[in-house]
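> Generate a structure from the sequence data that follows.
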Amino acid sequence: MVRKTLGILFMGAVAVLMAMPASAQTTSLNGTWKLNVSKSNFGQFPPPTSETDVIEINGTDFKQHVTSETQRGNSNYTRACTINGQETQLTPDNPNAHVGPVLLDKITCGWDGSSLVATEGAKMQGNELTDKLTFSVSSDGKTMTLTSHITSPTINADRSMVYDKSEDSGAAANGGVAATPGSQALIHTGGGDHPNLSGTWKLDVPKSNFGQAPGPASEVDTIVDNEPSFKVTIAQKGGMMGDVNMTETMTTDGQPSTWTGMADSKVNGTAQWDGSTLVVNAKSSFQGSDVTMKETYALSADGNTLTHTMHAETSMGNFDSTSVYDKQ
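Okay, here's the model as predicted:
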């Protein structure tokens, strides 16, 4: 399947978290956010009547899908960039240059602690305009604040937009498998619209993103997916936790399961299908710190690639990773 279920990178990630500052990168920005107009400050700019943003962060890929309603009409656009701290020049034929009515000529995206900062440049009436956007999430994950600082030879303005997280954020953040002939061939007979993840899966290290943690030198997972029984055998070499060989077993019917994670830690969790994506929610304790974790496993339409995402939360901060596996 995709990567090791909760024990391995899970505990490896937590170990890294204990050594990291609380300002580590986070994808708690993922989800659906509804603008709270009354709590926002638009400065000299007219506020929209309503706005809903869907944010998707997958590794270094950032997308903000905006649906806005104003007195002048409705607007739909997507802001997209690569989170690498490097400036990207944009030409008019680049789809990422078109952000609503504005035509960008450059953009830079990077992390500032746990906040995402996007700095955009555009030509306005012959002058270069810069908009620095900072996305920050509250400690409880329920509120996002987006600040904007706009500068040009004729403008110096600030805005602060406050968003509330929508209850349907989980569904918006999860990936899926398109209903193509290739994916349909992988559907369980009589088992609902989800693929069978059985097989031998080799980690593609260059395509994966382990966040603040060093990735393993290699990893091969063997998955036996006999619904609702699910077993993954992990063989990892190198990395922060060294060589690891372990097997984890759970059920995918949403019933509570218990398995052993890294350092013989006890892990309690549930696994269930959300459409074509397998979602695992678990809790454990590591080095005196409570840990909660959410993992998703999504299969490509052709059945040859498995993508695993992980979001772990501790009292010391959050951790995210994306692992990509090729079927052998």
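
> where does the stretch 51-200 of the chain dip in pLDDT?
168-193 (pLDDT under 70).

> can you give me the helices for it?
For the stretch 51-200 of the chain, helices defined by DSSP state H, counting those that start in this stretch occupy the ranges 169-173, 181-184.

> which residues does the closest residue to Asn41 other than its chain neighbours contact?
In space, and not counting its chain neighbours, Asn41 is closest to Ser160: 4.7 Å by CB to CB, 6 or more residues apart in numbering. (C-beta placed from N, C-alpha, C; glycine too.) By CB atoms under 8 Å, 6 or more residues apart in numbering, the contact list for Ser160 reads 40-41, 145-148.

> how many other residues sit next to Val102?
Neighbour count for Val102, taken as other CB atoms under 10 Å: 14.

> my bad, Thr147
Thr147 has 17 neighbours, counted by other CB under 10 Å.

> is it true that it touches Asp131?
No - in this structure Thr147 lies outside contact range of Asp131 using CB atoms under 8 Å: 10.6 Å.

> Thr258 touches Thr251, doesn't it?
No - checked against CB under 8 Å, the pair Thr258 and Thr251 is beyond contact range at 11.2 Å.

> which one of these two has more residues nearby?
Neighbour totals were compared for Thr258 and Thr251, and Thr251 leads with 15 against 11 (other CB under 10 Å).

> Could you pull out the strands in the stretch 1-150 of the chain for me?
31-35, 50-58, 61-70, 73-82, 87-89, 98-99, 102-112, 115-124, 127-137, 143-151 (DSSP state E, counting those that start in this stretch).

> for those strands, which one ends up most surrounded?
Mean neighbour count (mean count of other CB atoms under 10 Å) peaks for strand 31-35 among those, with a mean of 22.

> What helices and strands are in contact with it?
The contact analysis (3 or more CB pairs under 8 Å, 6 or more residues apart in numbering; DSSP states H and E) places strand 31-35 against strand 50-58, strand 156-165, helix 169-173.

> Name every strand pairing with that strand and say which way it goes.
Pairing partners of strand 31-35, with direction, according to DSSP bridges: strand 50-58 (antiparallel), strand 156-165 (antiparallel).

> Please report the number of neighbouring residues for Ser315.
Other residues near Ser315 number 11, with proximity taken as other CB under 10 Å.

> Which residue, other than its chain neighbours, is closest to it?
Residue nearest to Ser315 in three dimensions, not counting chain neighbours: Ser289, with 5.5 Å by CB to CB, 6+ apart.

> Any figure for the gap between the one you found and Ala312?
Ser289 sits 11 Å away from Ala312 when distances are taken as CB to CB, to the nearest Å.

> same thing with Asp53?
For Asp53, the distance to Ala312 (CB to CB) stands at 24 Å.

> same deal with Thr60?
Using CB to CB, Thr60 is found at 19 Å from Ala312.

> who's in contact with the residue nearest to Ser28 when sequence neighbours are not counted?
Leaving aside its sequence neighbours, Ser28 sits nearest to Val137 (CB to CB, 6+ apart; 4.7 Å). Shown in contact with Val137 (CB under 8 Å, 6+ apart): 26, 28-29, 114, 143-145.

> repeat that with 10 Å
Contact partners of Val137, counting by CB atoms under 10 Å, 6 or more residues apart in numbering, are 26-31, 33, 55, 114-116, 143-145, 163, 165, 318.
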